[in-house]
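[1] Build the 3D model from these lines:
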Amino acid sequence: MKEAIKWTLNRMPKSDDKQLSIMSLSNVAKARFFHSSFPQYSITPLDQLDGMAKYLGLGGLYVKNEARRFGLNAFKVLGGSFAMGRYIAKEMDRDVSEMTYEYLTSEAFRREFGQATFFTATDGNHGRGVAWAANKLGQKAVVHMPKGSSQPRFDNIAKEGAQVTIEEVNYDDCVRMAAAEAEQTEHGVIVQDTAWEGYEEIPTWIMQGYGTMASESAEQLRQIGTNRPTHVFIQAGVGSLAGAVVGYYTNLFPHDPPKFIVMEAQAADCLYQGALAGDGSPRVVDGDLQTIMAGLACGEPNIISWDILRNHAAAFVSCPDWVSARGMRMLAVPVKGDPKVISGESGAVGMGLIAALMETDEYKELRDAIGLDRYSQVLMFSTEGNTDPLKFRKVIWDGEYATV
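    Numbering: from 1, shown residues only. Okay, here's the model as predicted:
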């Protein structure tokens with residue numbers, strides 16, 4: 001018998017919402033300008049799944065496909081690279097608009113700034129992004145991965161010239177390790193999207209970097225005649241991506257925002273647990289956090305992002321691994337006429353959940369509560385492609401995490 005999806009509507013008391021301005025349209029525009037200065041930059045596709053929408057009984061279904069982002073197979077590089085740009089700008093007492101790729105790779109910059117060492121903890125995609133950006137910009141990177149991390153992800157980070165290790169501890173402990181090492185290193189800085197008391201600036205920059213993806217998606221929807229999505233399904237680990245997307249779209253449509261559904265891996269559902277408690281305070285989940293959704297295996301929420309989510313998310317959903325596996329299969333083997341989307345374990349959970357809500361009445365209460373129906377224009381984010389080939393094959397070919 002497959003495990004049930006757990007969910008709760010957001011009934012938390014509102015805060016003063018002072019973090020929403022982090023994702024203002026002008027802040028996101030700065031991030032997008034920064035990214036567009038990289039020669040490797042191009043806008044990733046927004047795949048329109050008309051056949052799937054019709055099959056499920058939706059008005060429209062759109063998948064922002066991050067498999068081609070900077071050639072790195074995942075969206076994460078957007079956050080790490082922009083945080084580096086902002087950090088360097090601050091150290092040099094300059095504006096980030098001056099931190100173009102051309103300048104950051106110049107001899108003049110090398111003479112003026114020298115070299116910093118960027119430390120981070122990762123399950124794979126974030127660390128690869130930080131390592132890639134450090135490599136391109138002539139900086140150093142040190143990356144720690146939690147136990148159980150996959151060899152292909154380790155190898156991809158090492159290829160970028162970073163010093164990388166797999167530790168015998170979970171993700172949150174790796175974050176603490178990276179932070180301690182950064183503190184003891186000259187010109188050392190930790191680049192992490194987990195915010196805690198006293199470490200808030202860099203996570204906000206990472207969130208703004210993720211805003212580039214949200215901004216592109218809004219523009220692409222307008223180009224195909226969908227002015228505003230009615231629903232946005234967004235996955236969460238520490239919640240930085242979710243806070244970034246929710247924050248951006250709330251600022252874009254302040255009077256009529258979409259309904260936001262935040263999804264987590266059941267083994268690491270700290271945001272869901274906070275929403276379930278209902279008092280507005282974040283909750284922490286500990287233990288091994290074992291899930292195929294490695295990118296979402298984080299038990300301690302980003303407190304900045306949490307503030308945005310508690311004010312603006314409609315529902316929080318805790319998803320067993322089969323939800324993601326089914327989503328991977330549905331995207332990889334599409335309805336006739338739809339584009340094929342190669343989506344990894346952390347990227348496909350939205351597809352699996354949307355299907356579960358629409359195909360049976362088991363989750364009718366949640367479907368009705370968020371108003372998901374044949375008029376809905378639904379946006380989801382496939383945040384990674386095939387980043388763990390062995391696991392991908394087991395799910396797609398061998399039917400791992402079956403749904404019957």
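
[2] And the pLDDT for Met1?
    With respect to pLDDT, Met1 scores 69.

[3] How far off centre is the one helix or strand Val317 maps to?
    Per DSSP states H and E: Val317 is located in strand 315-319. Here strand 315-319 is found 15 Å from its chain centre; the criterion is CA atoms, centre = their mean, to the nearest Å.

[4] Report the mean per-residue pLDDT for that strand.
    Mean predicted lDDT for strand 315-319 stands at 98.

[5] Kindly calculate the angle that the helix or strand that it is followed by makes with strand 315-319.
    Moving toward the C-terminus from strand 315-319, the next helix or strand (DSSP H and E) is helix 321-332. Between the axes of helix 321-332 and strand 315-319, defined by axes from the mean of the first three to the mean of the last three CA atoms, to 10 degrees, the angle is 90 degrees.

[6] on contacts alone, who are the packing partners of helix 321-332?
    Judged by 3 or more CB pairs under 8 Å, 6 or more residues apart in numbering; DSSP states H and E, the packing partners of helix 321-332 are helix 349-359, helix 389-396. (Each C-beta comes from the backbone N, C-alpha and C, glycine too.)

[7] which parts of the first one are buried?
    For helix 349-359, a neighbour-count test (16 or more other CB atoms under 10 Å) marks Val349, Gly350, Met351, Gly352, Leu353, Ile354, Ala355, Ala356, Leu357, Met358 as buried.

[8] Any chance of the residues you listed in a markdown table with pLDDT and distance to Glu264 as columns?
    Shown next, in a markdown table, are these (pLDDT from 0 to 100; distance: CB to CB, whole Å):
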| residue | pLDDT | distance to Glu264 |
| --- | --- | --- |
| Val349 | 98 | 8 |
| Gly350 | 98 | 12 |
| Met351 | 98 | 15 |
| Gly352 | 98 | 13 |
| Leu353 | 98 | 11 |
| Ile354 | 98 | 15 |
| Ala355 | 98 | 17 |
| Ala356 | 98 | 15 |
| Leu357 | 98 | 16 |
| Met358 | 98 | 20 |
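
[9] tell me which of those is nearest to Ala141?
    Proximity of the buried residues of helix 349-359 to Ala141, judged by CB to CB, is greatest for Val349, which lies at 28.1 Å.

[10] what about this structure, any weak spots by pLDDT?
    1 (pLDDT under 70).

[11] so the residue positioned nearest the centre of it is in which element?
    Closest to where the C-alpha atoms of the chain average out (CA atoms, centre = their mean) is Leu241, at 4.0 Å. Element membership for Leu241, per DSSP H and E: helix 240-252.

[12] quick one: contacts of the next helix or strand after that helix?
    Counting by DSSP H and E, the next helix or strand C-terminal to helix 240-252 is strand 259-265. By CB atoms under 8 Å, 6 or more residues apart in numbering, the residues outside strand 259-265 that reach it are 230-237, 239, 242, 245-246, 249, 270-272, 289, 291-293, 296-297, 309, 312-319, 321, 324, 349-350, 353, 370-371.

[13] List buried residues within the residues you listed.
    By neighbour count, with 16+ other CB under 10 Å, the contacts of strand 259-265 hold 230-237, 239, 242, 245-246, 249, 270-272, 289, 291-293, 296-297, 309, 312-319, 321, 324, 349-350, 353, 370 as buried.

[14] do you know how far the residue lying farthest from the centre of the chain is from Met92?
    Going by CA atoms, centre = their mean, the residue of the chain most distant from its centre is Arg111, 34.6 Å out. Noted for Arg111: a distance of 12 Å to Met92, by CB to CB, to the nearest Å.
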